[in-house]
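Participant: any chance you can model this:
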Amino acid sequence: MKNAFRVSLTILLILSVFLIQFCKKDKPTPPVLTTTAVTAISYTTATSGGNVTNEGGAPIVSRGVCWNTSSNPTIANSMTLESGGLGAFTSNITQLTPNILYYVRAYALSIAGTGYGDQVSFTTTQVAVPVLTTTTITSVSQTAAVSGGNITADNGGSVTAKGVCWSIVTNPTTANNKTIDGTGIGAYTSLMTGLTVGTTFYVRAYATNSTGIAYGNQVSFTTSQIATASLTTTVIASILQTTAVSGGNITADNGGSVTARGVCWGTTTNPTTANNKTNDGTGIGSFVSNLSGLQPSTLYYVRSYATNSAGTAYGNEISFTTQNITVSDFDGNVYHTVTIGTQVWMVENLKTTKYNDGTSIPLVSDGTAWISLSTPGYCWYNNDAATNKATYGAIYNWYTVNTGKLCPAGWHIPTDAEWTTLTTYLGESIAGAKLKETGTTHWGYNYCATNETGFTALPGGWRYNDGTFQDIGYNGNWWSSTEQIAAGTSWFRRLESDWCDVRGGSYVKILGYSVRCLRDN
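Facilitator: Here you go, the predicted structure:
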């Protein structure tokens, strides 16, 4: 009985203790946590955080880190707000000042109060001058060059000016010559101008921020020396017995102003200004030179020239032969001549009204009468000798050509084969270009004409087989003495405004064409 009582008493005590503990209610305490070491420190930001190890019996309302420039910061200072309860969290600290010591503590807030972790400290990065490199020099001329830089970091201070600086001494600074090429980081290009010819310069990129000026690596270059001018010689035109026209085109003075220009010529190759020359002004661009005092029937060599402080430069060499002595017809009309290959041609179209024996050639103005001819006849284009005779000469039908007496003594109408000799010598595809007068004084338009032969072909038009006049200003037509017997036609040659070649064919003999005479061998 006594033992049973003791057991019952023990059970009662245990139950009493349990009931007391069961009914007892604990009071919550502030959370318990630690502070994470600071990482990713920059000029104005850093990363920290914490780890809540005990909520203290009440839910976490907020957590984060707080910081200040004095020790033991609280949530009354700067702070972050992070969600969650127990466990680790990360906080990004922002809006810091460069090169400042900060103190940081993690915190967790509940109804029981604010718990703080251990204090850690860090110092934000100090602002420094930017980091940059200098770009290799390119596009070097006599007075200019191109460089630049690449700013890879501003080191906490916004770049407010950048460019390159240069000098003739090493380690140039912005106190020397410089460019100003905007703000901010990244690559940029700088154009240096006003340089001195043939001089070595030293260059560095620069970048300015609140801390100061930084310079890139030094590079050097030498500006180009002044060189002689670049030029070409103009094709010879208007070749007569004692005169001709040429010129040149100066495309670059290469750093030295052109003080004299013109053409020089002689009877041997590679003429210089020590030979005959013209003086045609100064500067670059195209110019025209009139050669005079030449000898008839003489081969000359011509080069353009240009003089600057580096010396005298010469263009490509061109040769030409002055016209032979003049020849006259029975009317007294005077014709210049030109040698092309092995042939000597008249430079003007024939304009005689008489055969070389003094017999008159019938003038046929009426169109109906013209198309009825089977005998010689001539006319002027539009029956207007005053306007057209001197320039374009007369128009003859082939019956006049066939008399054999139209050209002055010692001269003849070229055969079809002799026309072919001319065009073959000049190059079939470009013979017309070499024969046509240049410009549009007489040609309505004039494709590819150079007249480098001095033949000076003009667009005198023709008289059609209905008696009308056609195409003056746009084509020129010349008879040959060769008849195509089977077809009852005769051969001729034609040049047109938009042709570079000479074309031929045969046509009825009543047509009115121009005539050029060829000297007998």
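
Participant: please count neighbours and contacts with C-alpha atoms only from this point.
Facilitator: Noted.

Participant: could you report the distance from the residue most central in space within the chain to A145?
Facilitator: In the chain, the residue lying closest to the centroid (Cα atoms, centre = their mean) is S139, at 13.7 Å. Remark: distance between S139 and A145 (Cα to Cα, to the nearest Å) = 5 Å.

Participant: and T125, by the same measure?
Facilitator: Distance of T125 to A145, computed by Cα to Cα: 38 Å.

Participant: S190 too?
Facilitator: 9 Å.

Participant: G212 now?
Facilitator: For G212, the distance to A145 (Cα to Cα) stands at 27 Å.

Participant: comparing those two, which residue is more hemmed in?
Facilitator: A145 (20 against 13; other Cα atoms under 10 Å).

Participant: in this structure the more buried one contacts T135, no?
Facilitator: No - contact criterion Cα atoms under 8 Å: A145 and T135 do not qualify, at 11.7 Å.

Participant: thinking again about what came up before, show me what contacts the residue nearest to the centre of the chain?
Facilitator: 145-146 (Cα atoms under 8 Å, 6 or more residues apart in numbering).

Participant: for it, give its distance to T267.
Facilitator: 43 Å.

Participant: what of G476?
Facilitator: 34 Å.

Participant: domain ranges for this protein, per the record?
Facilitator: Domain assignment for the chain by automatic domain parsing gives 32-123, 131-222, 230-321, 327-519.

Participant: which one of the ones you listed lies nearest to D26?
Facilitator: domain 32-123 (8.3 Å; Cα to Cα).

Participant: which stretches in the stretch 201-350 of the chain count as helices?
Facilitator: Counting by DSSP state H, counting those that start in this stretch, the stretch 201-350 of the chain has no helices at all.

Participant: ok, T143 - contacts?
Facilitator: Residues near T143 by Cα under 8 Å, 6+ apart: 193-197, 223-224.

Participant: count the neighbours of the spatially closest residue to G454 that is not a sequence neighbour for me.
Facilitator: Take G454 and drop its neighbours on the chain: the residue closest to it by Cα to Cα, 6 or more residues apart in numbering is I239, 5.1 Å away. Look at I239: counted by other Cα under 10 Å, it has 25 neighbours.

Participant: mind starting the numbering at 426 from now?
Facilitator: In the new count, where the first residue is 426, that last one comes out as I664.

Participant: for I664, phi and psi?
Facilitator: Main-chain torsions, I664, degrees, to the nearest 10: phi -80, psi 120.

Participant: so how far is C942 from it?
Facilitator: In this view, I664 and C942 are 18 Å apart by Cα to Cα.

Participant: over to F646?
Facilitator: 66 Å.

Participant: what's the helix or strand for A842?
Facilitator: Counting by DSSP states H and E, the element that carries A842 is helix 841-851.

Participant: got the CA coordinates for the helix or strand that comes right after that helix in CSV?
Facilitator: Next helix or strand after helix 841-851 toward the C-terminus (DSSP H and E): helix 856-860. Taking C-alpha atoms only, helix 856-860 is exported to CSV below (Å, rounded to 0.1, in the frame of the first residue of the first chain):
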residue,chain,number,x,y,z
ALA,A,856,39.4,55.3,-136.2
GLY,A,857,36.4,57.6,-136.2
ALA,A,858,37.4,59.0,-132.8
LYS,A,859,40.8,59.9,-134.1
LEU,A,860,39.5,61.5,-137.3
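
Participant: counting contacts, what elements does helix 856-860 pack onto?
Facilitator: In terms of contacts (3 or more Cα pairs under 8 Å, 6 or more residues apart in numbering; DSSP states H and E), helix 856-860 is packed against helix 841-851.

Participant: so what touches the helix it packs on?
Facilitator: Contacts to helix 841-851, defined as Cα under 8 Å, 6+ apart, come from residues 765-766, 768, 856, 859, 905-907, 916-918, 927.

Participant: save those as CSV, and put in neighbour count and distance to T459 too.
Facilitator: Listed next are the contacts of helix 841-851 as CSV, based on neighbours: other Cα atoms under 10 Å; distance: Cα to Cα, whole Å:
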residue, neighbour count, distance to T459
I765, 17, 108
G766, 11, 108
Q768, 14, 112
A856, 24, 100
K859, 24, 99
S905, 27, 116
S906, 21, 120
T907, 20, 119
W916, 20, 115
F917, 25, 112
R918, 19, 109
V927, 22, 103
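
Participant: farthest-apart pair in these, please.
Facilitator: The span of these, defined through Cα to Cα, is set by K859 and T907 at 23.9 Å.

Participant: ok, now how distant is the residue lying closest to C832 once chain neighbours are set aside from W836?
Facilitator: Nearest residue to C832 in three dimensions, chain neighbours excluded: C942, at 6.1 Å (Cα to Cα, 6+ apart). Distance, C942 to W836, using Cα to Cα: 6 Å.

Participant: more neighbours: which of the two?
Facilitator: C942 (24 against 20).

Participant: residues touching the nearest residue to Y640 once chain neighbours are set aside, list them.
Facilitator: Leaving aside its sequence neighbours, Y640 sits nearest to Y631 (Cα to Cα, 6+ apart; 4.4 Å). By Cα under 8 Å, 6+ apart, the contact set of Y631 is 557, 574, 587-590, 599, 638-641.

Participant: most neighbours among those residues, which one is it?
Facilitator: Taking other Cα under 10 Å as the neighbour criterion, V589 ranks highest of the contacts of Y631 with 31 neighbours.

Participant: nearest residue to that residue other than its sequence neighbours?
Facilitator: A630 (4.1 Å).

Participant: also A553?
Facilitator: Distance criterion Cα to Cα, 6+ apart; nearest residue to A553, sequence neighbours excluded, is N580 at 5.2 Å.

Participant: can you get me a residue count around that neighbour?
Facilitator: Using other Cα under 10 Å, N580 has 18 other residues around it.

Participant: likewise F894?
Facilitator: 17.

Participant: return the distance of it relative to T825.
Facilitator: 18 Å.

Participant: looking at G901 and T692, which one has more neighbours?
Facilitator: G901 (23 against 14).

Participant: pull the contacting residues for that one.
Facilitator: By Cα under 8 Å, 6+ apart, the residues touching G901 are 882-887, 919-921, 939.
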